[in-house]
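[1] with the input below, show me the fold.
(2 chains, ligands or ions: 1)
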Amino acid sequence: MSTSQDSLLAEFENKPLLKRLGPWDWLWATAMVVLSFNTLSLYGAVMDGYEIGILIGCALGLAWLGWAWRPMIPLSVAVGALSLFAIWLYGDSLEPAQTNFFLKYLLASQQAVMWMSALYVLATASYFFGLAINSDFWDRVGTAMTWVATGFGFIGLFVRWRESYLVHPDFGHIPVSNLYEVFILFCIITALLYLYYEQKSGTRRAGGFALLVISAAVGFILWYTFDRGAHEIQPLVPALQSYWMKIHVPANFVGYGAFALAAMLSVAWLLRDRRDRKGLPSRLPETALLDDITYKAIALGFAFFTIATVLGAMWAAEAWGGYWSWDPKETWALIVWLNYAAWLHLRLTKGWRGAHMAWWSIIGLFITLFAFLGVNMFLSGLHSYGEL
Amino acid sequence: MSQSAQRRAGQRPTIWAFVATMSFAITLLVVLSLASVIGTVLQQNLPWNDYIIKFGPFWFEVFRQAELYNVYASSWFMLILLVLLVSTSTCIFRNWPAMQREMRNWRDRVQHRSLRAMSHNAGWQSELEPAEFAETTAALLNKRGYRTRVKSDDKGALVTARRGNWNRAGYLFTHSAIVIICVGALIDSTLFWRFAELAGKLSPETRNMPASQVPAISRLPLWNPGFRGNVEIPEGSSADLAFVPLRDGYLVQDLPFRIEVEDFRVEHHITGQPKSFESDLIIHDDELDEPLHQTIRVNHPLVHRGYTLYQSSFGDGGTGVRFTLWPLDGAIERNNQLDGIVKQTIQVAAPDGDRTVELDDFRLFNINAVEDDDGEMEQRNFGPAVQFRVRESNGQAIEFFNYMAPVMINGVSTLLSGRRASVAEEFEYLHIPADRSGGPTRMMEWVAILQNPESQQRIVRKAVLGDQADNASEEQLGIADTMSNLVPIFLSRGFAGVESDIESRVPEDQRDTVREAYLRLLQRILTVSYLEVLAIEGIYNPMEFDQQWLESAINTLNGLSVYGAPFYLQLTEFNHRESTGLQIAKSPGKAVVYFGSTLLMIGVFLQFYVKQRRLWVSVKRHDDGQREVIFAGVPERDPAAFDHEFAVLSAGLQAHTAQPTPTGDAT
Ligand code: HEM
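    Below is the predicted model:
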């Protein structure tokens, strides 16, 4: 955090968000509105009321996100343009994936996901290398690769969305319906959250830790792809054919991503806290900063997890006949939620800080992981579509 | 805690103070989590028999006493929720008044000097008069989202600034939400029935009987506020009740309307996975002018008078089936027209004791993963199949799963008949090679010829004596007849039976020779009999198909020895009738839960994202004409963010109000 007198003053004079917006911001927002109207006029006839609501919500949300955090604008433009390019290259058949250069090597969803995977792993290495040799350059390379990887992840999902319709019109669905797809979502959301806090805090030194959990997820994706053929597009089971999936799943993954990020920053916190150690740990960000971001990530994750759970209950009421069935997935979501509620209480009302809170947030990741993966592997229930 | 809260705490029994503590609340959250885990590890609401098998009678009883088979409706789980409810209510009750008071209190009676004692403070000199200073400062703070209150006199001024009261509302929202959600869930829970059970007015039915005969003590009245039950309705039928599962039994919930099912449909993707389940319903209700027609499907339920009807499962609604009964045991009559209805039984007379065929299920589509020609797995529809149990008079039963149409397996068109001795096993399939018309006729004729004592004798003689059989001597025929035992042994016990027969009768050193002779003879018997079967069909020059058929059919004969029923039922016709499984729910607490959930979502955001701040700016004119400013504040929740905010405000206010010093150095 920069605290020079000038920047403090500048911040004091800062106007509220709406008054601070320049022409580019308005152009961005206008583009969002125009695009969503365009989409509506093209496809409005086949969308139901909820889907139209979701579309408009996404457009407004993206406009606001771009205002609140500028780098979202170039990211969205690049992802949007490349995804549309890929979709245009496809036309009405999957054939071009074998013949077209761009699709074959870059933009077909499977390729984009491979690029994403490779870049996240390289970014992890780059961040750690930067930390090891105390080099800002390698840190910046890590950041750049993380951005590009995130872009590829989004492209992979968007193009896959289209591909699912090309496989068979009946198969078409938003790619957040199975473990393979949500792991990609997990990677890009965690990366975006990290990049946000990286920019706000002005230090890249915790990057390797955040990217480590993403690399682990990448490892899972690769295993799942090559060993289980999980990338193959399958039709949706009837229980998932609902607009609710479009909101419930992404909201959940903001939660999971934020909790994962918090846990990894807590690992960095624990290393950094050993003051006697010289060298590498001493180059990590200050414990106070790590602690602050950990808290912010958990608070954000908790808020989104709350929304996701409530929306999940509303969906369950519509699909299964009851808003709460104590299905293992539901129950574990509640456990995750209660766990972080307890964490937040101790921190906010008792002011607890330090090593035990860091450990707790790391344990929280394991609880989250169980809710996210373990339930699908070991327990059966209504949510059993994501089995390994 | 404010003073008054402490005083109150002193007056009340200390238990309430304890119940409202954070430590207690956190313990509760952890206990609730741990309790919830149990129900995810131990599968809930299975039939009690399954638990007895799994745990044995002793542990079954222990776990039953601990109510572990339905943890989330158990008394102790309810108790935890209740304690949470009480604790959170108490917590709100104790904290909220103080918060409200604090929200109203501007705390504008602080002394200029005491501001210096605050954790965050800054000081500078101002050139403005106190009143003007206060006005400027207040305006600046207002612009940054603070509400301000100004007190000034000619000696000095105090600006009190604050923002983020909504954060407190957030506390009220989230914590009331917990209470409201718990109350909603309690309304929808089985708590009321529990009282009815204690009062002896309600008791679940455990017997299997028609709903109309279920006694009143197991019926829920129309006015019952909430329930979640199921009913299965065949196409073309109707129902006006639902079965509500309770522990190892069920209750019957009467409905104020009748649900008729016109049609049920499953649509499939090209890969064979189901695409949609739909039921066309007609609701007959006296309150409606005319019956209500509506189609429901998964994710699209029908809501009628507070009852919600969901598509939840499907099954067979009494499909009519016609079989050809092929005897596998010479003593039973062949029967080309054996009719039955799924869920009912058919009697089959047999000399060694009559059999009951219990028709359990019929399935129109049977998607199986099979290897295609390239060795890759693909999903293939094997077509209609019927599932039934053949029960002997002693009660023992074997279960069968017979497909109607032949399936290509390794290039041979094959009829499949699965069999298993218990539900715990997988089906083992008998492969019956189909004849040219796709049916089992050739196989069954062959079996009949082999089994018939007369043709058996004829065939064995022919196999032993070859062409001389027709004019052989009595002696030769006698020798041939000694071999006729081989056929029944093979038919009833297969190759393994022949082997054990040799072992029991032949000394070890001669077995190899005898085995070779027997197998060669058996081969000849089978060939001779097969040629007879072909002759019946009018085939005198066997083709490749017939050769291949024979190879598969020998395996089938071998397999028949362990088939387990004295006949094979060939499904020849069916009249499909499905039933739809509806879930019917009424949950008056739902609106309450949703209201609480909405409060919760809003409250969480208020608590995290509305920052609560309180600041003071005081200016004092000293006797020497100096106007000393003290700016101070105390962090509440988020010290790191407060540090920053304080630094920004301090820099800004100073820049706008400080005395320009001759050197121009603002600090
Ligand atoms: C499942 C149950 C609960 C949830 C999800 C929950 C959630 C929260 C959250 C998110 C905060 C935010 C902290 C802040 O921003 O100040 C909070 C604060 C607080 N909670 Fe809870 N809470 C629960 C139960 C309880 C219970 C049972 C108590 C009673 C002992 C309690 C007492 C408090 C207090 C005193 C605060 C601080 C309020 C303040 O000063 O702002 N909570 N709670």
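[2] what are the bridge partners for the spatially closest residue to B:Ala134 that is not a sequence neighbour, then?
    For B:Ala134, ignoring the flanking residues on the chain, the nearest one in space by Cβ to Cβ, 6 or more residues apart in numbering or on different chains is B:Ala157 at 3.8 Å. Bear in mind the C-beta positions are built from the backbone N, C-alpha and C, glycine included. Taking DSSP bridges as the rule, B:Ala157 bridges to B:Ser152, B:Val619.
[3] which of the three states applies to B:Ile479?
    helix (DSSP: H, G, I helix; E, B strand; the rest coil).
[4] so who does it touch?
    B:Val464 (Cβ atoms under 8 Å, 6 or more residues apart in numbering or on different chains).
[5] next secondary structure after the helix or strand of chain A with the lowest mean pLDDT?
    Lowest by mean pLDDT, DSSP states H and E among the helices and strands of chain A is helix A:17-20, with a mean of 71. Downstream of helix A:17-20, the next assigned helix or strand under DSSP states H and E is helix A:23-43.
[6] in which helix or strand would I find B:Glu102?
    B:Glu102 belongs to helix B:75-104 when assigned by DSSP H and E.
[7] and the stretch 251-388 of chain A, which of its residues are near the ligand?
    A:Ala341, A:Leu344, A:His345, A:Leu348, A:Thr349 (Cβ under 6 Å from any ligand atom).
[8] of these, just the buried ones, ChimeraX syntax please.
    Buried subset of these, written as a ChimeraX selection, criterion 16 or more other Cβ atoms under 10 Å in any protein chain shown:
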select /A:341,344,345,348
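[9] closest one of the residues of the stretch 251-388 of chain A next to the ligand to B:Ile584?
    Using Cβ to Cβ, A:Ala341 comes nearest to B:Ile584 of these, at 34.3 Å.
[10] isn't that closest one right up against A:Phe302?
    Yes. Contact criterion Cβ atoms under 8 Å: A:Ala341 and A:Phe302 qualify, at 7.2 Å.
[11] give me the residue from chain B nearest chain A.
    B:Gly652 (2.8 Å; Cβ to the nearest Cβ).
[12] what's the closest non-adjacent residue to that residue?
    Spatially, and ignoring its direct neighbours in sequence, B:Gly652 is nearest to A:Phe12 (2.8 Å; Cβ to Cβ, 6+ apart).
[13] surely the one you found forms part of a helix?
    Yes. Under three-state DSSP, A:Phe12 sits within a helix.
[14] how about the helix holding B:Glu102: buried residues?
    For helix B:75-104, by 16+ other Cβ under 10 Å, it's B:77-78, B:80-81, B:84-92, B:94-95, B:98-99.
[15] by contact count, what packs against the following helix or strand past that helix?
    Where DSSP H and E defines the elements, the next helix or strand beyond helix B:75-104 is strand B:120-125. Where contact means 3 or more Cβ pairs under 8 Å, 6 or more residues apart in numbering or on different chains; DSSP states H and E, strand B:120-125 is packed against strand B:627-633, helix B:639-657.
[16] so who does B:Asn452 touch?
    With contact taken as Cβ under 8 Å, 6+ apart, B:Asn452 is in contact with B:Gly330.
[17] distance of it from the ligand?
    Distance from B:Asn452 to the ligand, counting by Cβ to the nearest ligand atom, to the nearest Å: 78 Å.
[18] give me phi/psi at that residue?
    Backbone geometry at B:Asn452, expressed as degrees, to the nearest 10, gives phi -60, psi 120.
[19] excluding its backbone neighbours, what's nearest the one residue in the stretch 501-650 of chain B that gets nearest to the ligand?
    Relative to the ligand, the nearest point of the stretch 501-650 of chain B is B:Gln607 (3.7 Å; Cβ to the nearest ligand atom). The shortest distance from B:Gln607 to any non-neighbouring residue, by Cβ to Cβ, 6+ apart, is to B:Gly170 (3.7 Å).
[20] do A:Val267 as well
    Nearest one to A:Val267, counting by Cβ to Cβ, 6+ apart, is A:Phe209 at 5.6 Å.
[21] B:Phe401 too?
    B:Gly418 (3.7 Å).
[22] residue contacts, that neighbour?
    For B:Gly418, the contact set (Cβ under 8 Å, 6+ apart) comprises B:Phe400, B:Phe401, B:Asn402, B:Phe427, B:Glu428, B:Tyr429, B:Leu430.
[23] can you select the buried ones from these in PyMOL?
    Burial among those is assessed by 16+ other Cβ under 10 Å; the matching PyMOL selection reads:
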select buried, chain B and resi 400+401+402+429+430
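[24] residue 117: how many residues sit nearby?
    If you meant another chain, say so; for now it's chain A. 24 (other Cβ atoms under 10 Å in any protein chain shown).
[25] chain B was what I was after
    There are 11 residues near B:Ala117, going by other Cβ under 10 Å.
[26] now swap in B:Glu127 and tell me
    Counted with other Cβ under 10 Å, B:Glu127 comes out at 11.
[27] now swap in B:Asp372 and tell me
    By other Cβ under 10 Å, the residues close to B:Asp372 number 9.
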